[in-house]
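**Student:** Sharing a model prediction with you, sequence too.
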Amino acid sequence: MRTLVYTAEIDNRFGVGKVSSRIGLSSPARLYNQATDLFADIRAEQQSAPVHCVLVDESQFLSKEQVYALSDVVDELDIPVLCYGLRTDFRGELFSGSQYLLALSDKLVELKTICFCGRKASMVLRLDQDGRPYNEGEQVVIGGNERYISVCRKHYKEALIKGSLQEIQGR
């Protein structure tokens, strides 16, 4: 079965045009940015050979128009679309792509992450170069596990108040 894989152009942590999992699996991917017409691209691919599925990684970076275009891929081209991405940023605010995916998706499946305390991690802390959490600045700064840490809501709030992740972890 032919799957079209897309990833955000701005996320090049694992190489340009590549989707990678934390366990080491990877796949080539088409790049998208805010100007990419996903519906036209997928429709053109469908005309040359059947497309059985579309997978979009880093879907939090989709625009409102791109989310609508992907819903048209499902409704008009009858191709399933699977989107993977973050719901909220380090400030606890929805990403634009996530906001519209939450509104338009037929089905939502949350992949759970665990906080260091064992609770469900629903928030993301952004750490500065000294490992201190902060919640101001640009919404998008690409970084990996050294820059972001998933925590529960309680520890998110505590880390921002105390200004130290280590302090709330009891280190």
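**Tutor:** Great, that's in hand.

**Student:** Return the distance of the helix ranked longest in the chain from the chain's centre.
**Tutor:** Identified as the longest helix of the chain according to DSSP state H is helix 64-77. Centre-to-centre, helix 64-77 and its host chain are 18 Å apart (CA atoms, centre = their mean, to the nearest Å).

**Student:** Could I get the average pLDDT for it?
**Tutor:** Per-residue pLDDT values across helix 64-77 average out to 98.

**Student:** Report the buried residues of the helix or strand just after it.
**Tutor:** Next helix or strand after helix 64-77 toward the C-terminus (DSSP states H and E): strand 81-84. Neighbour counts over strand 81-84 (16 or more other CB atoms under 10 Å) mark 81, 83 as buried. No exception for glycine: its C-beta is placed from N, CA and C like everyone else's.

**Student:** Just the residues contacting strand 81-84, thanks.
**Tutor:** Strand 81-84 has contacts (CB atoms under 8 Å, 6 or more residues apart in numbering) with 53-59, 62, 70-71, 73-74, 97, 101, 105, 111.

**Student:** let's see 6 Å
**Tutor:** 54, 55, 56, 57, 59, 70, 73, 74, 101 (CB atoms under 6 Å, 6 or more residues apart in numbering).

**Student:** Give me the distance between the spatially most central residue of the chain and residue 159.
**Tutor:** Centroid check for the chain by CA atoms, centre = their mean gives residue 85 as the closest residue, at 2.2 Å. As judged by CB to CB, to the nearest Å, residue 85 and residue 159 stand 23 Å apart.

**Student:** ok, and the closest non-adjacent residue to residue 43?
**Tutor:** Nearest in space to residue 43, with sequence neighbours left out and distances taken as CB to CB, 6 or more residues apart in numbering, is residue 77 at 6.3 Å.

**Student:** The one you found: how many residues sit nearby?
**Tutor:** A count of neighbours around residue 77, defined by other CB atoms under 10 Å, yields 16.
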